[in-house]
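Peer 1: I would like to see how this sequence folds:
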Amino acid sequence: MSTDTRKWFKEAGYGMMIHWGLYSLLTGEWKDQKCGNYAEWIQTRCRIPISEYDKLATAFNPVYFNADEIVKFAKDCGMKYLVFTSKHHEGFAMYHSKVDKFNVVDATPFKRDVLGELAEACYKNGLKFGLYYSQDLDWHDKNGGGYLSGHIPCEGTVWCNDWDFPDNDKKDYDVCFRNKIYPQIEELLRNYGELSLIWFDVPITLEEKHSRAIFDLVKKYQPDCLINSRLGNGAYDYVSLGDNEVPESIPDDEELKESMMNAFDGFKPSPYGLYETAATVNNSWGYCAWDQNWKSAREIADIKQKLNHLGINYLLNVGPDGLGRIPAECRRILRNVAKYD
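Peer 2: Below is the predicted model of the structure:
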């Protein structure tokens, strides 16, 4: 990895994360149930059958989505890079995947490659572009991960889809990895230009062979693309701290113990001294109409200052609604945060 790559990340300080998918259409509610803290987990929280959830794709037509406007807004707010959810746990690809038809081009009336438009807008406007990809959980695949982790609390009822696919003892993540996960990551690496980073998540099923295969794949096609620690099993370039985690200090004597490798929060040794905290402006990552628990601009500015003083990047999330709009209150807050710089 080049020193320029490490330099841009260390100096970036502030980025925008975007959680957007089919879950955004539900606005945090399903029939008479609410989603809990995280609206993007609503499928498992409310145990929505795939036969029902797939109907959301037929209604996904975000006519107000404008990649240039979003990227320019991020720049105006002082953000230096953007990280977009190419596929979240629901299994829906927000790009034109040839691997699986469950994607924004083939399955929706919108028929536009959202990821491609954001990548182009970032390139035109001089913003670094990165991707989130759920490499473990996939609720649209019967062999998606999470089926070994019923003992670990989560935002849903379970980590895996056990309402459509109840036989957990017959599931084999290797099949999902081989048929969907690995080839989709290869698509992303080959088809969307230079990626500054890939943000993986919740490594609870992956074995070391899976994490290493993904790490090597990324470096094969994009050697300067940074990989976060949630790929799992110690295969990473930089450390993602816990969601909304704001530490008091960075320990200087950390060792990578086996028990820490796949932890979602806390410190791990960073091979290049690179750290990042991903965080929300309200509670949810995906759009949730009833979640109005917004942080103030002053609070966010103070967190940003504290993290940056420690050398930790602040990756702040926005969750567009089903029409492609960043909520007005979120926009107002982020514009005001920029005034404190």
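Peer 1: state the mean pLDDT of stretch 196-209.
Peer 2: Mean pLDDT, stretch 196-209: 97.
Peer 1: which residues in the stretch 101-250 of the chain form strands?
Peer 2: For the stretch 101-250 of the chain, applying DSSP state E, counting those that start in this stretch gives strands covering 128-133, 197-199, 226-227, 239-240.
Peer 1: which of those strands is buried the deepest?
Peer 2: strand 197-199 (a mean of 25; mean count of other Cβ atoms under 10 Å). Every C-beta, even on glycine, is put in place using the N, C-alpha and C of the backbone.
Peer 1: what strands flank it, and is each parallel or antiparallel?
Peer 2: strand 128-133 (parallel), strand 226-227 (parallel) (DSSP bridges).
Peer 1: avg pLDDT for the last one?
Peer 2: Right, strand 226-227. Mean predicted confidence for strand 226-227 is 98.
Peer 1: can you offset everything so residue one is 59?
Peer 2: OK, 59 is where the count begins now, so the last one is strand 284-285.
Peer 1: circling back: okay if I get the strands of the stretch 159-308 of the chain as JSON lines plus distance to residue 129?
Peer 2: Compiled in JSON lines, the strands of the stretch 159-308 of the chain are given as follows (distance: least, Cβ to Cβ, whole Å):
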{"stretch": "strand 186-191", "distance to residue 129": "9"}
{"stretch": "strand 255-257", "distance to residue 129": "16"}
{"stretch": "strand 284-285", "distance to residue 129": "20"}
{"stretch": "strand 297-298", "distance to residue 129": "23"}
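Peer 1: quick one, which of those is nearest to residue 377?
Peer 2: strand 186-191 (12.5 Å; Cβ to Cβ).
Peer 1: so how far is the closest one from its chain's centroid?
Peer 2: How far strand 186-191 lies from its chain's middle: 8 Å, per Cα atoms, centre = their mean, to the nearest Å.
Peer 1: then stretch 367-378?
Peer 2: Worked out by Cα atoms, centre = their mean, stretch 367-378 lies 12 Å from the chain centre.
Peer 1: and that stretch, C-alpha only, in CSV?
Peer 2: Coordinates of each C-alpha in stretch 367-378 appear next as CSV, following Å, rounded to 0.1, in the frame of the first residue of the first chain:
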residue,chain,number,x,y,z
HIS,A,367,-7.7,15.2,18.0
LEU,A,368,-7.0,11.5,18.8
GLY,A,369,-6.3,10.8,15.1
ILE,A,370,-9.6,9.0,14.5
ASN,A,371,-11.8,9.7,11.4
TYR,A,372,-15.4,10.5,11.9
LEU,A,373,-17.6,8.7,9.4
LEU,A,374,-21.1,10.2,9.9
ASN,A,375,-24.1,8.5,8.4
VAL,A,376,-27.1,9.8,6.5
GLY,A,377,-30.1,7.6,5.6
PRO,A,378,-32.0,8.8,2.5
